[in-house]
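1. Here is the input, now give the coordinates:
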Amino acid sequence: MKQTYSINLGGIVFNIDDDAYHILKKYLEQIEMHFADASERQEIMTDIEARISELFQERSKVANRVVDIKDVEKVIEILGDPIEIGETEDGTDPGKKEKFRQSYRRMYRDPDNRILGGVCSGMGAYWQIDPLIFRIIFVLTIIGFVGPIIYLILWIVIPEAKTAAQKLEMRGEPVNISNIGKTVKEEFENIKNRMKL
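-> As a prediction, this is how the structure comes out:
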């Protein structure tokens, strides 16, 4: 008989068995130690925990299923080993290794590059097209009143990219520890630069 724990990851409660709990705890401690010097450590850890929570939800099709070692190992395989984060001796970035699961794009509104609601910049990030093209299309369709209606519908339907993982998915980049850390650091730098202005 195995002992189980209830843990809270990203605001969602999971039941996890004893062995898996200790592996996950050690993994999160290694990640936290890696980002110990970063002033954004808490934000990075929150985003990583939210991503782990999403991955556990994807794997748990049955309600109240206990997370086991296989689930934790799969999450570690997808996110990557914290030891591999950063530059290697040859100057390459191990976060870009293809051992991680191929990412997929998701449509989100881009809050960082928005003019109104971020619909056009989100569509531009999704299709890798300059958002100016979508903005021009919506401006041209204002004459027939179709553009504003479509824009409002898209603003309501498309969710906003709030977490670092969602912003990575919007751009089609792999959602791993290295990229989450870089994204959070870039956001903090952008905020610092705006505060200086």
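2. Distance from the chain centre to stretch 9-26, please.
-> For stretch 9-26, the separation from the chain centroid amounts to 19 Å (computed by CA atoms, centre = their mean, to the nearest Å).
3. Spit out the contact partners of residue 35.
-> In this structure, residue 35 makes contact with 41, 44-45, 181, judged by CB atoms under 8 Å, 6 or more residues apart in numbering. Heads up, the C-betas are built off the backbone N, CA and C, glycines and all.
4. what about the strands in this structure?
-> For the chain, strands defined by DSSP state E occupy the ranges 4-9, 12-17, 66-67.
5. Point out the other elements, helices or strands, that the worst-scoring helix or strand of the chain on mean pLDDT touches.
-> The helix or strand of the chain with the poorest confidence is helix 177-196; it has a mean of 79 (mean pLDDT, DSSP states H and E). Using 3 or more CB pairs under 8 Å, 6 or more residues apart in numbering; DSSP states H and E as the contact criterion, the neighbours of helix 177-196 among helices and strands are helix 41-59, helix 164-171.
6. just checking, residue 76 touches residue 27?
-> Yes - proximity of residue 76 to residue 27 meets the contact threshold set by CB atoms under 8 Å, at 5.9 Å.
7. got a list of what the residue nearest the centre of the chain touches?
-> Among the residues of the chain, the one closest to the centroid is residue 165, at 0.4 Å (CA atoms, centre = their mean). With contacts defined as CB under 8 Å, 6+ apart, residue 165 is in contact with 47, 50-51, 54, 175, 180.
8. What about the nearest residue to residue 109 once chain neighbours are set aside, how many residues nearby?
-> For residue 109, the nearest residue in space outside its immediate sequence neighbours is residue 118; the separation is 3.7 Å by CB to CB, 6 or more residues apart in numbering. Burial of residue 118, expressed as a neighbour count using other CB atoms under 10 Å, amounts to 22.
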